[in-house]
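Have a look at this fold, sequence not included:
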């Protein structure tokens, strides 16, 4: 009998040890299972300082200034970690996402127009771009799009030459992106440079290079001008011209509808230059 009981006793003790490893105790001394979370394979979705959003989260920014207030510090953090000028990241974000209000961006949180490509294993959505029904990456939170943008540029051989450029040479970066094939628009570099100089985005590069300090955008200061409505004008086309939202224009002009009349004068907000 002793010979029979000894092996059974060993098995019992071994199983007991295993069960103890699978349980822990909370503060009230009650047992609870410790669950192991399966790691995500999606590039850029986990960062040191940011946990993936539980659900799909949209952040609406109704003007370029509001976009900068929301994302400038994120672009600077990405510059510190990956070396991509914050001015370039912000200019691309403004252009590609329509300052956060573009159809694709509101549908996918994709601020940089990055397509799926063969390596993408995350969420996606179809959208008409250069071709009909192209596959674009989708993110649960805008910040994940900024991180994936950094990874996308820094991990692909075609963009390697960019990282030999000075971090404060935004003109060279803008031209280099076009040369590397980031966009098909021949005026892509000029558009990025225009945004950078119009909104003084290079200030964010200088702050990072000076000492890694993340600065807040300058308080918004505006002058006002008039826009005379021409044939074919719509509130949407005017909003795109002056980087204001339709709601901003209507509120500024006490409008209750979207109707316009040729010759009508609209009060338009413009950024005050130093």
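That came through, no problem. Quick caveat: nothing in here was measured; it's all calculated off a predicted structure.

Where do the strands of the stretch 101-250 of the chain begin and end?
Applying DSSP state E, counting those that start in this stretch to the stretch 101-250 of the chain gives strands spanning 124-127, 134-137, 222-228.

helices or strands up against the second one?
Contacts of strand 134-137 with other secondary structure elements, assessed using 3 or more C-beta pairs under 8 Å, 6 or more residues apart in numbering; DSSP states H and E, are made with helix 103-108, strand 124-127. Where you see a C-beta, it was placed from the backbone N, CA and C, and this is true even at glycine.

Out of these, the one nearest residue 226 is which?
helix 103-108 (29.7 Å; C-beta to C-beta).

Any buried residues in the closest one, and which?
By 16 or more other C-beta atoms under 10 Å, the buried positions in helix 103-108 come out as 104, 105, 108.

among the strands of the stretch 101-250 of the chain, which is the most enclosed?
strand 134-137 (a mean of 19; mean count of other C-beta atoms under 10 Å).

Turn the buried residues of helix 103-108 into a markdown table, columns for pLDDT and distance to residue 144.
Formatted as a markdown table, the buried residues of helix 103-108 follow (pLDDT from 0 to 100; distance: C-beta to C-beta, whole Å):
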| residue | pLDDT | distance to residue 144 |
| --- | --- | --- |
| 104 | 93 | 15 |
| 105 | 95 | 13 |
| 108 | 95 | 11 |
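
mind checking which of the helices and strands packed on strand 134-137 is nearest residue 162?
helix 103-108 (23.6 Å).

and the nearest residue to residue 74 once chain neighbours are set aside, what is it in contact with?
Nearest residue to residue 74 in three dimensions, chain neighbours excluded: residue 146, at 5.1 Å (C-beta to C-beta, 6 or more residues apart in numbering). By C-beta atoms under 8 Å, 6 or more residues apart in numbering, the contact set of residue 146 is 71, 74, 75, 78, 89, 93, 111.

Against which helices or strands is the host helix or strand of the first one packed?
When secondary structure is defined using DSSP states H and E, the element that contains residue 71 is helix 64-82. Secondary structure elements in contact with helix 64-82, counted by 3+ C-beta pairs under 8 Å, 6+ apart, are helix 86-97, helix 142-154, helix 202-211.

switch to 10 Å and redo it
helix 86-97, helix 142-154, helix 202-211, strand 265-271 (3 or more C-beta pairs under 10 Å, 6 or more residues apart in numbering; DSSP states H and E).

okay, now the spatially closest residue to residue 165 that is not a sequence neighbour: neighbour count?
Nearest non-adjacent residue to residue 165, counting by C-beta to C-beta, 6+ apart: residue 172, 4.8 Å away. Look at residue 172: counted by other C-beta atoms under 10 Å, it has 16 neighbours.

mind checking pLDDT for residue 172?
With respect to pLDDT, residue 172 scores 98.

That one and residue 181: what is the separation?
16 Å (C-beta to C-beta, to the nearest Å).

what's near enough to touch residue 108?
56, 58, 97, 102, 114, 123-127, 136-139, 145 (C-beta atoms under 10 Å, 6 or more residues apart in numbering).

For the residue nearest to it when sequence neighbours are not counted, give me its contacts.
Spatial nearest neighbour of residue 108, chain neighbours left out: residue 138 (4.0 Å); criterion: C-beta to C-beta, 6+ apart. Going by C-beta under 10 Å, 6+ apart, residue 138 touches 42, 56, 104, 107-110, 116, 120, 122-125, 127, 144-145.

Could you give the bridge partners of residue 136?
residue 115, residue 125 (DSSP bridges).

what sits against it?
Going by C-beta under 10 Å, 6+ apart, the list of residues near residue 136 reads 104-105, 107-108, 110, 112-116, 120, 123-127, 129.

One more: residue 70?
When contacts are counted by C-beta under 10 Å, 6+ apart, residue 70 touches 59, 60, 61, 99, 100, 142, 217.

Which members of the residues you listed are classed as buried?
Applying 16+ other C-beta under 10 Å to the contacts of residue 70 flags 61, 99, 100, 142, 217 as buried.

Distance check, the residue nearest to the second one when sequence neighbours are not counted against residue 98.
What it means is residue 99. Spatial nearest neighbour of residue 99, excluding adjacent residues (C-beta to C-beta, 6+ apart): residue 67 at 4.3 Å. Computed as C-beta to C-beta, the residue 67 to residue 98 distance reads 9 Å.

do the same with residue 199
Plainly put, residue 199 is 15 Å away from residue 98 if you go by C-beta to C-beta.
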